[in-house]
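>>> following is a predicted model, sequence given first.
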Amino acid sequence: DKLFPRDEVSMILEEAARLAHNNKNLRDALELMNLAERYDLLIGMLNEQLAELVKTSPGSERNFWIDAARQFDAWHFGARRTHAKEVLESAGKLSLIDTFHTLLTLSQFFDRLHVHDFKEAWSIADNLYLLPSSPDQVAAKARALDSTIATVIGDVLLGAIEALYQQYIHLKHSGVITDSTTVQGRLQDLRQRARLICTFAERLQVKVDTVSRMASMEAQMI
């Protein structure tokens with residue numbers, strides 16, 4: 001760093017990062033991109049890895065990338081204005097931050113599914129506003145879907161249907177509800193949301209076998 005200007009050091013580090021990435025040495029590439037302050041490339045790679053791993057069961061590889069993403073988020077994407085935000089803004093890639101945060105939240109959604117906490121899983125998915133809550137939202141939600149999120153949307157929709165279905169079955173058998181909504185009202189709401197998600201999946205042309213599994217669960221919500 002003492003022998004070369006900072007911009008030249010950054011270029012060397014960036015080239016090394018690209019080489020490491022091309023050779024599938026992704027953890028090295030992550031560190032080099034950070035040193036080069038190429039935050040647009042770094043968050044792009046984090047999003048790529050999160051999209052690939054977010055739906056999988058917890059394990060060392062998934063845990064590494066989610067932990068790395070959370071650390072990066074804590075360091076660079078808090079309330080204050082940071083150099084990372086300035087770099088992304090300059091590159092016209094601030095939308096990568098929204099994708100990044102959506103993927104991190106989806107990691108929590110899939111974590112809840114893995115432990116069969118279906119009520120909390122559904123709450124997380126619903127609060128992301130990825131899913132339509134009424135028929136007139138289906139087309140707009142489909143148009144607005146981020147291209148990276150689109151690579152995992154089939155698994156998200158399948159998980160959302162499962163969360164609704166499991167809540168439906170539990171409520172129908174127990175007849176117990178903890179708020180002022182009637183049991184029949186809540187069952188109807190669960191059915192309607194499930195139908196909307198199936199319609200959304202068809203609109204997005206989700207894989208046929210995924211849509212079939214979703215439709216099978218929805219059909220049992222009677």
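Noted; the coordinates are in hand.
>>> show me the residues around the residue lying closest to Val138 once chain neighbours are set aside that make contact.
In space, and not counting its chain neighbours, Val138 is closest to Pro132: 4.7 Å by C-beta to C-beta, 6 or more residues apart in numbering. To be clear about C-beta, it is placed using only N, CA and C from the backbone, and glycine gets the same treatment. Neighbouring residues of Pro132 by C-beta atoms under 8 Å, 6 or more residues apart in numbering: Val138, Lys141, Leu196, Ile197, Thr199, Phe200.
>>> which residue is nearest the centroid of the protein?
Leu103 (2.7 Å; C-alpha atoms, centre = their mean).
>>> next secondary structure after the host helix or strand of that one?
Leu103 is part of helix 95-114 when elements are defined by DSSP states H and E. Using DSSP H and E, the next helix or strand after helix 95-114 towards the C-terminus is helix 118-127.
>>> name the residues that touch the helix or strand just after that next one?
Counting by DSSP H and E, the element after helix 118-127 in chain order, helix or strand, is helix 138-144. Contacting residues not belonging to helix 138-144 are listed as Leu130, Leu131, Pro132, Leu196, Thr199, Phe200, Arg203, Leu204 [C-beta under 8 Å, 6+ apart].
>>> related to what we said a few turns ago, which of the contacts of Pro132 tops the neighbour count?
Neighbour counts for the contacts of Pro132 (other C-beta atoms under 10 Å) peak at Phe200, which has 24 neighbours.
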